[in-house]
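> return atomic coordinates for the entry below.
(2 chains)
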Amino acid sequence: GEDVEQSLFLSVREGDSSVINCTYTDSSSTYLYWYKQEPGAGLQLLTYIFSNMDMKQDQRLTVLLNKKDKHLSLRIADTQTGDSAIYFCAETRTGGFKTIFGAGTRLFVKA
Amino acid sequence: EAEVAQSPRYKITEKSQAVAFWCDPISGHATLYWYRQILGQGPELLVQFQDESVVDDSQLPKDRFSAERLKGVDSTLKIQPAELGDSAMYLCASSVPGQANTEAFFGQGTRLTVV
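As a prediction, this is how the structure comes out:
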């Protein structure tokens, strides 16, 4: 995960919006993803965006992609305590479909 | 609901011993991945299979790690001998080929502790 960077922690109040940011390095990446990992569990794919898109919305989740700055963000609207987890940004590079993960952002939701 | 099965969930082993993990992917998924996730880090790809063939094992420490998927279905990852630094979560994932990991499904992982 050395080429995908995320801040390690984020704390928000229940009901507020959460914004988790990620920067990546490979401009040829085709897909960018957000995964969620709850304690003791595997990774769950939340959403993904193709590199020719700028935005994708799926219910409470909004993904924004700024290709010029190689910046990806995940916005969670109306954050709930059940959203507390680690969120991983990942990119798939062309040629071999190798997926590189960031170190993860731990989201704390305060009631 | 179909899921990726991994066994065991937890494994404690002494260093220099051999250890093996098993993964059964979702039926019909030709692509299978083994990832290692060290505490506090993101998953790192160890090996990727397409059916029974290895397509990427560039990050697999081949002096001690081996992986096989003999019949193109379930897979085994082995470490021999285990070292203290191998303590991590080992995640298996599977997907339908040609979809660039967009539909990769992860198992719950095997947490390995080497003492």
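> ok, the least confident helix or strand in chain B by mean pLDDT near chain A or not?
The helix or strand with the lowest mean pLDDT-type score in chain B, counting by mean pLDDT, DSSP states H and E, is strand B:105-106 (a mean of 88). Yes. For strand B:105-106 and chain A, the contact criterion (C-beta under 8 Å from any C-beta of the partner chain) is met by B:105, B:106. The way it works is simple: take the backbone N, C-alpha and C, and place the C-beta from them, glycine included.
> what separates whichever helix or strand comes after that strand from the chain centre, distance-wise?
Where DSSP states H and E defines the elements, the next helix or strand beyond strand B:105-106 is strand B:110-114. Relative to its parent chain, strand B:110-114 has a centroid offset of 12 Å by C-alpha atoms, centre = their mean, to the nearest Å.
> where exactly do the helices run in the chain?
No chain in the question, so chain A it is. With DSSP state H as the criterion, chain A has no helices.
> how about the residues of it by chain B?
Neighbours of chain B within chain A, by C-beta under 8 Å from any C-beta: A:1, A:4, A:30-31, A:33, A:40-45, A:48, A:88, A:90, A:92, A:96-99, A:101-104.
> interface residues of chain B facing chain A?
Checking chain B against chain A by C-beta under 8 Å from any C-beta, the hits are B:4, B:40-45, B:48, B:55-56, B:91, B:93, B:100-109, B:111.
> generate a PyMOL selection restricted to the buried subset of the residues you listed.
Here is the PyMOL command that selects only those of those that count as buried (16 or more other C-beta atoms under 10 Å in any protein chain shown):
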select buried, chain B and resi 4+41+42+43+44+45+48+56+91+93+100+101+102+104+105+106+107+108+109+111
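> lowest-pLDDT helix or strand in chain A?
Lowest by mean pLDDT, DSSP H and E among the helices and strands of chain A is strand A:98-101, with a mean of 81.
> where do the strands sit along chain B?
For chain B, the strands defined by DSSP state E occupy B:5-7, B:10-13, B:19-24, B:31-37, B:44-50, B:53-56, B:65-68, B:75-79, B:88-95, B:105-106, B:110-114.
> helices or strands next to the fourth one in the packing?
Here strand B:31-37 touches strand B:44-50, strand B:75-79, strand B:88-95, going by 3 or more C-beta pairs under 8 Å, 6 or more residues apart in numbering or on different chains; DSSP states H and E.
> likewise the longest one?
Strand B:88-95 sits against strand B:5-7, strand B:19-24, strand B:31-37, strand B:75-79, strand B:105-106, strand B:110-114, with contacts defined as 3+ C-beta pairs under 8 Å, 6+ apart.
> for that strand, which strands pair with it and how are they oriented?
Here strand B:88-95 has these sheet partners by DSSP bridges: strand B:31-37 (antiparallel), strand B:105-106 (antiparallel), strand B:110-114 (antiparallel).
> so what touches the second one?
It refers to strand B:105-106. Strand B:105-106 is touched from outside by A:42-45, B:2-4, B:26, B:29, B:91-95, with contacts defined as C-beta atoms under 8 Å, 6 or more residues apart in numbering or on different chains.
> go again using 10 Å as the cut-off
A:35, A:37, A:41-45, B:2-4, B:6, B:25-26, B:29, B:33, B:35, B:43, B:91-96 (C-beta atoms under 10 Å, 6 or more residues apart in numbering or on different chains).
> pull out the buried members of those.
A:35, A:37, A:42-43, A:45, B:4, B:6, B:25-26, B:29, B:33, B:35, B:43, B:91-95.
> could you give the bridge partners of residue A:21?
With DSSP bridges as the criterion, residue A:21 is bridged to residue A:73.
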